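Engineer: Show me how the following folds:
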Amino acid sequence: MSQRDLSLWQQIIEDWRAHQSDWTKPGFRAVAVHRFGGWRMRIQPKLIRAPFSLIYRGHYRYIRNVYGIDLPYTVKLGRRVVIEHQGAIVIHGDSEIGDDCIIRQGVTLGNRYLEHPFDAPKLGARVNVGAGAKILGDVELGNDVNIGANAVVLSNVPSGETAVGIPAKILTLHRLPIPSGE
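Structural biologist: Next comes the predicted model:
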């Protein structure tokens, strides 16, 4: 079932379960407000949408100003995305975040150059973003990617890889040879 097939309520229930069934978590509240903001844009005509937009804007500002989670409704947010903690989380409005991703405190998904204000990161499914990481510009992260804490990602990261450091580099593991016959 795709995200478009789910009702607003079904999406919020799914997000609530992804956030350990705790409605008090700021991350769950941010995602729920995001879902509501996207849902209200389907209401036509605009005059009927107006009171829902007022409700959205009030909640969006509360989440941003009190919890420090800036997640505009224009972000293409996958299913069951978890925002683990609160504080200093800024997500560019043109970003894409795949299903089952995890975002932690201090993460920025933003643009890199002022001349390209709409260039935003695209995260595949199951991307795990460490605390304080910055993912900047028109970069794509594949599925099952891990981004280390405080990494600054400026280039694409293929699926299944781990990137760490400033600027982030792919982590290469040196595997020890398996002893034979002993």
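
Engineer: Can you pull the poorly scored residue ranges out of this structure?
Structural biologist: By pLDDT under 70, the weakly predicted segments of the chain are 175, 181-182.

Engineer: So in it, which helix runs the longest?
Structural biologist: helix 46-62 (DSSP state H).

Engineer: Report the central residue of this structure.
Structural biologist: Central residue check for the chain by Cα atoms, centre = their mean: the C-alpha nearest the mean position is that of Ile97, 4.9 Å away.

Engineer: Name whatever forms a beta bridge with that one.
Structural biologist: Assessed by DSSP bridges, Ile97 has beta-bridge partners Leu77, Leu123.

Engineer: separation between it and Pro179?
Structural biologist: Shown here: Ile97 relative to Pro179, a distance of 43 Å by Cβ to Cβ, to the nearest Å. Heads up, the C-betas are built off the backbone N, CA and C, glycines and all.

Engineer: ditto for Glu96
Structural biologist: Counting by Cβ to Cβ, the gap from Glu96 to Pro179 is 45 Å.

Engineer: between the two, who's got more neighbours?
Structural biologist: Under the criterion of other Cβ atoms under 10 Å, the comparison of Glu96 against Pro179 puts Glu96 first, with 17 against 6.
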